[in-house]
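In: Need the 3D shape of this:
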Amino acid sequence: MNQPRILDVGCGLNKRPGAIGVDRNPRTRADVLCDLDHFPYPFRDNSFDELHAVHVIEHVADVVKSMEEFYRLVRPGGRIFLATPHYTDFSSFCDPTHRWHLNSFSFRYFGADHAGYDYYSPVRLREKKVRLRLLALWRYLGFELLVNAFPRFRRFWEHYLCYVVRGKVMEFEFEVLK
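Out: Below is the predicted model of the structure:
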């Protein structure tokens, strides 16, 4: 059985086992060095079954162009996995290299219906999974379970509660639609 081809974008020192790692920093475990803000990356269209970008998207110069590049690289039906700080977390603002502060609905822009903004980008993704991690106190009190189990509660939380019941990290899984 063939192993899936996996690209680990911004792999740093923790490259995913079996993946091709790409990073801009030569002191990482990257297999390929390239500036993640210059496109295209040195790979053919539809080359990968999975793309992982863990704590990368908040560092790029252009989220839309980066998502378009991720989309180009992943085959139809493949998966894109992202993780990024929630904008209410301390870590979102304490790192001076973070350019973007995102919430759990930021990537709806790339959904199949494009949230009504389909004239900005051709990227089409189906949101398969969103997982929010909250600060420990709120996790122990059960808020994390509520936010993740009920999409309507997640929307309510983003609108009314997230500045008190603060988020920590968001994890996304998308299916590539082409």
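In: So Phe174 lies in a strand, does it not?
Out: Yes. Under DSSP: H, G, I helix; E, B strand; the rest coil, Phe174 sits within a strand.
In: per-residue confidence for the residue nearest to it when sequence neighbours are not counted?
Out: Counting by C-beta to C-beta, 6 or more residues apart in numbering, Phe174 lies nearest to Leu125, which is 3.9 Å off, once chain neighbours are set aside. All C-beta atoms are positioned from the backbone trio N, CA, C, and that covers glycine. Confidence at Leu125, expressed as pLDDT, is 94.
In: What of Tyr120?
Out: Note on Tyr120: pLDDT of 78.
In: For Glu171, what are phi and psi?
Out: When quoted as degrees, to the nearest 10, the phi and psi of Glu171 stand at phi -120, psi 130.
In: any idea which strand is longest in this structure?
Out: Longest strand of the chain, by residue count under DSSP state E: strand 74-85.
In: strands paired with that one, and their directions?
Out: Partners of strand 74-85 in the sheet, by DSSP bridges, are strand 48-54 (parallel), strand 167-176 (antiparallel).
In: Go through the last one and flag the buried ones.
Out: Read that as strand 167-176. Residues of strand 167-176 classed as buried: 167-170, 172-176 (neighbour count, 16 or more other C-beta atoms under 10 Å).
In: so which of the residues you listed comes closest to Ile20?
Out: Nearest to Ile20 among these, counting by C-beta to C-beta, is Val176 at 17.3 Å.
In: how about the residue nearest to Phe174, what does it touch?
Out: 71, 80, 107, 110-112, 174-177 (C-beta atoms under 8 Å, 6 or more residues apart in numbering).
In: Give me the buried entries from those.
Out: For those, a neighbour count by 16+ other C-beta under 10 Å gives the buried set as 71, 80, 107, 110-111, 174-176.
In: ok, and the closest non-adjacent residue to Pro85?
Out: Ser92 (4.1 Å).
In: Only the C-alpha atoms, please, for stretch 80-92, written as CSV.
Out: Presented in CSV, the C-alpha positions along stretch 80-92 are these (Å, rounded to 0.1, in the frame of the first residue of the first chain):
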residue,chain,number,x,y,z
ILE,A,80,-4.9,20.5,4.7
PHE,A,81,-4.2,20.6,8.5
LEU,A,82,-3.6,24.0,10.1
ALA,A,83,-3.0,25.0,13.7
THR,A,84,-2.7,28.6,14.9
PRO,A,85,-3.3,30.6,18.1
HIS,A,86,-6.7,32.0,18.7
TYR,A,87,-6.5,35.8,18.7
THR,A,88,-7.6,36.0,22.4
ASP,A,89,-4.6,34.0,23.5
PHE,A,90,-1.6,35.8,25.0
SER,A,91,0.7,34.0,22.6
SER,A,92,-1.0,35.5,19.6
